[in-house]
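*Asks:* Based on what follows, work out the 3D shape:
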Amino acid sequence: MEAVSTTAMNEPVGLVRRLLDEYPGAILVATTPEGMPIPVPVDVPVPRERCVQPRGLESFATAGLKVLADGLLQARACGCATVRLRFNDTTSAFSTMVTTHFIDAIAGYGVMLTLVVPDDDSGTLARLHTEPVTTRIGRMVRDGLGIIYRVDDALASQLGYRADELVGRRSIEFVHDDDRALALASWQALMAEGGTLRRLRLRYRAGAGDYIWFEITSTNLVAEGREVVSDFVDISAQMHEQERLADRERLLHHLTEALPLGVLCLDSRRAIAFANRRLPVLLGQPVPAELEQLVQIFEPACRLAFERALSEALSGLPSQVQVVIAGAGDQTRVCDVTVECLAELRASGSAEAGPGAIVCFTEVTESLRLRQQLEFEATHDFLTGCLNRAEVLRLVGAATSTEKSIAGGLAAVFVDLNLFKDVNDRYGHAAGDELLRAVGARLQALLRDGDAVGRIGGDEFLMLFRRVTTLTGAQIIGDRVAAALNGRIRLAAGPVEVTASVGVSWVHGRSTSADDLVAAADAAMYRAKRAGQHRAVVQAPDRERA
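*Replies:* As a prediction, this is how the structure comes out:
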């Protein structure tokens with residue numbers, strides 16, 4: 001970026017005309033001091049055929065717009081500036097580098113003049129100049145009381161009046177009722193300051209009864225014995241577009257608030273930019289001010305998973321993760337979290353800034369609890385809480401199909417209660433159910449990590465023990481099971497004496513099938529029942545069964 005000489009700074013229009021002469025392919029656009037594109041004012045003495053509608057600047061990439069903004073700021077500071085950037089035609093593959101000169105003409109015309117010079121002569125002017133230039137700027141001259149002294153034909157035409165219908169009337173008469181307080185306050189400030197520019201946006205009533213949005217730049221020259229000169233730029237299209245966008249934002253806001261999801265929006269710096277009302281309800285607490293604080297309410301095991309999902313989303317891959325949120329006391333909440341990148345939030349030409357993200361929370365605490373309950377009911381015996389027949393046999397099958405399990409030693413323990421029918425006959429089936437629950441609890445208390453017990457029918461139970469490396473170890477496990485069930489169990493109907501027949505099938509280092517392992521334990525149980533002892537009987541699956 002480079003500045004132009006001081007001499008040229010004092011002659012903005014002369015500089016523009018010289019540049020137009022020097023570069024036949026150049027075009028001219030005007031902007032407000034804030035950078036909003038507007039048509040070149042009609043009183044700027046330049047060839048009108050070289051002036052284009054400002055919508056052509058939309059063809060500059062996002063990074064280019066930042067360069068343009070930097071150039072505009074430098075021109076405001078020192079009079080003019082020059083930048084280079086790429087122009088891309090959105091309707092074809094055409095692309096070229098252009099040099100853009102910013103010239104400060106605010107003092108004389110209230111605008112910044114922008115000259116765009118292409119590196120080649122391949123029709124950039126025609127590509128930018130895609131629609132006829134229409135006059136959208138007019139001038140009004142008023143006295144110190146706000147009475148209209150003169151209007152040009154352009155403004156009269158825009159408003160739909162004859163010039164003589166406007167002259168002699170106070171301009172405030174034509175201002176929209178909602179804008180009058182702003183118009184009066186601005187006028188009073190302009191009169192108090194003197195010799196300065198003042199800019200505001202107002203709606204003026206047109207002859208047809210509708211209202212037109214204008215951006216009005218007024219210069220107070222009353223102290224010099226002159227009038228207040230105001231340039232009116234029709235910005236109706238821009239304001240209607242802003243209103244349309246505002247309506248869309250309001251609609252999106254209402255939709256976001258109506259969703260049964262908790263919605264969190266992160267900006268490019270990963271700061272929380274928005275959270276809907278539903279989110280604190282799902283979290284069970286207020287939404288923290290910072291993302292780092294929000295992550296801290298997740299259980300430790302979930303924090304890394306969430307950070308990984310967020311990183312994947314910011315790289316362009318939508319991600320999902322489930323997090324557990326610590327609540328008051330022992331209460332916890334489980335949420336499915338979806339993270340998606342908001343690429344449109346990517347900062348203009350900023351290397352350090354990236355895209356933002358939208359994070360949606362769906363509470364699944366109850367559905368997860370119901371699913372776990374259904375899974376439990378599908379795999380467990382409803383009466384004793386032990387595994388059901390299908391599940392315990394499945395575990396035995398899985399263990400016998402794993403070389404590591406067989407190499408480490410497996411013991412299947414078959415348990416059958418003695419005289420269970422007598423308890424049912426003497427005390428009733430409710431007492432029998434109570435006895436089975438007590439037996440199931442005692443058997444579960446004998447399990448180690450990785451072991452299992454299931455009720456396979458009536459008063460029969462099957463247990464699976466892993467890491468049983470010796471026959472002696474298998475015998476000890478069987479005797480421990482028999483001892484746990486040998487003695488008195490107190491029921492609601494009274495105490496009952498209980499014994500059990502226990503058979504153990506043991507395998508170590510040799511492959512076997514689940515059917516053989518269970519059948520051997522069953523056979524060993526019948527041997528124990530015939531022996532009438534309170535000790536378990538152990539046999540290997542390939543031994544002769546009784």
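
*Asks:* Walking through the stretch 201-350 of the chain, point out its helices one by one.
*Replies:* Along the stretch 201-350 of the chain, the stretches classed as helices by DSSP state H, counting those that start in this stretch are 236-258, 278-283, 291-296, 300-314.

*Asks:* if I pick residue 178, what's in contact with it?
*Replies:* residue 203 (CB atoms under 8 Å, 6 or more residues apart in numbering). Heads up, the C-betas are built off the backbone N, CA and C, glycines and all.

*Asks:* one step back: need the helices of the stretch 201-350 of the chain in CSV (columns: distance to residue 416 and mean neighbour count).
*Replies:* Listed next are the helices of the stretch 201-350 of the chain as CSV, based on distance: least, CB to CB, whole Å; neighbours: other CB atoms under 10 Å:
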stretch, distance to residue 416, mean neighbour count
helix 236-258, 61, 12
helix 278-283, 51, 18
helix 291-296, 54, 14
helix 300-314, 43, 16
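
*Asks:* can you tell me which of these comes nearest to residue 429?
*Replies:* Across the helices of the stretch 201-350 of the chain, residue 429 has its closest neighbour in helix 300-314 (45.2 Å, CB to CB).

*Asks:* If we go by neighbour counts, what in stretch 430-447 is buried?
*Replies:* For stretch 430-447, the neighbour count (16 or more other CB atoms under 10 Å) marks 431-432, 434-440, 442-444, 446 as buried.

*Asks:* Out of these, which is nearest to residue 237?
*Replies:* Distances from residue 237 to the buried residues of stretch 430-447, taken by CB to CB, are shortest for residue 444, at 76.4 Å.

*Asks:* Just the element for the closest one, please.
*Replies:* Assigned by DSSP states H and E, residue 444 falls within helix 429-445.

*Asks:* What is that helix packed up against?
*Replies:* When contacts are defined as 3 or more CB pairs under 8 Å, 6 or more residues apart in numbering; DSSP states H and E, helix 429-445 packs onto strand 410-417, helix 420-427, strand 452-457, strand 460-466, helix 471-484, strand 487-491, strand 494-498.

*Asks:* what is the mean pLDDT for that helix?
*Replies:* The predicted model assigns helix 429-445 a mean pLDDT of 94.

*Asks:* now it and helix 420-427, what's the angle there?
*Replies:* 140 degrees (axes from the mean of the first three to the mean of the last three CA atoms, to 10 degrees).

*Asks:* how many degrees apart are helix 429-445 and strand 494-498 in direction?
*Replies:* Orientation note: helix 429-445 sits at an angle of 60 degrees relative to strand 494-498 (the same axes, to 10 degrees).

*Asks:* Could you export helix 429-445 as CSV, CA atoms only?
*Replies:* This file holds the C-alpha atoms of helix 429-445, laid out as CSV (Å, rounded to 0.1, in the frame of the first residue of the first chain):
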residue,chain,number,x,y,z
HIS,A,429,-44.7,-70.1,46.0
ALA,A,430,-44.1,-66.6,47.5
ALA,A,431,-41.6,-68.1,49.9
GLY,A,432,-40.1,-70.1,47.1
ASP,A,433,-39.5,-66.9,45.1
GLU,A,434,-38.0,-65.3,48.2
LEU,A,435,-35.7,-68.2,48.6
LEU,A,436,-34.5,-68.0,45.0
ARG,A,437,-33.8,-64.3,45.4
ALA,A,438,-31.7,-65.0,48.5
VAL,A,439,-29.8,-67.8,46.7
GLY,A,440,-29.2,-65.5,43.7
ALA,A,441,-27.8,-62.8,46.0
ARG,A,442,-25.4,-65.2,47.7
LEU,A,443,-24.2,-66.5,44.4
GLN,A,444,-23.6,-63.0,43.0
ALA,A,445,-21.6,-62.2,46.1
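
*Asks:* re earlier: just put the helices and strands packed on helix 429-445 in a markdown table and tack on distance to residue 506 and mean neighbour count.
*Replies:* Formatted as a markdown table, the helices and strands packed on helix 429-445 follow (distance: least, CB to CB, whole Å; neighbours: other CB under 10 Å):
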| stretch | distance to residue 506 | mean neighbour count |
| --- | --- | --- |
| strand 410-417 | 5 | 26 |
| helix 420-427 | 26 | 15 |
| strand 452-457 | 16 | 21 |
| strand 460-466 | 9 | 24 |
| helix 471-484 | 4 | 19 |
| strand 487-491 | 25 | 13 |
| strand 494-498 | 25 | 14 |
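
*Asks:* how about those in a markdown table, adding distance to residue 390?
*Replies:* Output for these, formatted as a markdown table (distance: least, CB to CB, whole Å):
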| stretch | distance to residue 390 |
| --- | --- |
| strand 410-417 | 16 |
| helix 420-427 | 22 |
| strand 452-457 | 9 |
| strand 460-466 | 12 |
| helix 471-484 | 22 |
| strand 487-491 | 28 |
| strand 494-498 | 27 |
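
*Asks:* Of those, which is nearest residue 321?
*Replies:* Across those, residue 321 has its closest neighbour in strand 452-457 (31.0 Å, CB to CB).

*Asks:* just checking, what packs against the closest one?
*Replies:* Against strand 452-457 (3+ CB pairs under 8 Å, 6+ apart) you get helix 389-400, helix 429-445, strand 460-466.

*Asks:* Which residue ranges of the stretch 51-200 of the chain form helices?
*Replies:* Using DSSP H, counting those that start in this stretch, helices in the stretch 51-200 of the chain cover 62-78, 106-109, 124-128, 153-159, 163-166, 180-193.

*Asks:* Surely residue 119 touches residue 100?
*Replies:* No - Residue 119 lies out of contact with residue 100 (CB atoms under 8 Å); the separation is 11.8 Å.

*Asks:* Compare these two (neighbour count), which wins?
*Replies:* Neighbours were counted for residue 119 and for residue 100 using other CB atoms under 10 Å; residue 100 has more, 23 against 14.

*Asks:* ok, what's across the strand from that one?
*Replies:* Beta-bridge partners for residue 100, by DSSP bridges, are residue 83, residue 116.

*Asks:* What's the local residue count around residue 324?
*Replies:* For residue 324, using other CB under 10 Å, the count is 17.

*Asks:* now do residue 512
*Replies:* If we define neighbours as other CB under 10 Å, then residue 512 has 17 of them.

*Asks:* helix, strand or coil for it?
*Replies:* What DSSP: H, G, I helix; E, B strand; the rest coil gives for residue 512 is coil.

*Asks:* Check what pLDDT the nearest residue to it once chain neighbours are set aside gets.
*Replies:* Nearest residue to residue 512 in three dimensions, chain neighbours excluded: residue 541, at 4.7 Å (CB to CB, 6 or more residues apart in numbering). Looking at residue 541, its pLDDT reads 80.

*Asks:* ok, now residue 56?
*Replies:* Residue 56 is given a pLDDT of 44.

*Asks:* next one: residue 517
*Replies:* pLDDT, residue 517: 94.

*Asks:* before we move on, the earlier item: how about the helices of the stretch 51-200 of the chain in a markdown table, adding distance to residue 209?
*Replies:* What follows is those, written out as a markdown table (distance: least, CB to CB, whole Å):
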| stretch | distance to residue 209 |
| --- | --- |
| helix 62-78 | 38 |
| helix 106-109 | 32 |
| helix 124-128 | 36 |
| helix 153-159 | 11 |
| helix 163-166 | 14 |
| helix 180-193 | 17 |
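
*Asks:* Residue 162: how many residues sit nearby?
*Replies:* Around residue 162 there are 13 residues (other CB under 10 Å).

*Asks:* which ones are touching the nearest residue to it once chain neighbours are set aside?
*Replies:* Among residues not flanking residue 162 along the chain, residue 156 sits closest, at 6.4 Å (CB to CB, 6+ apart). Residue 156 makes contact with 138, 162, 163, 166 under the criterion CB under 8 Å, 6+ apart.

*Asks:* And the buried ones among those, selectable in PyMOL?
*Replies:* Per 16+ other CB under 10 Å, the buried members of the contacts of residue 156 correspond to this PyMOL selection:
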select buried, resi 138+166
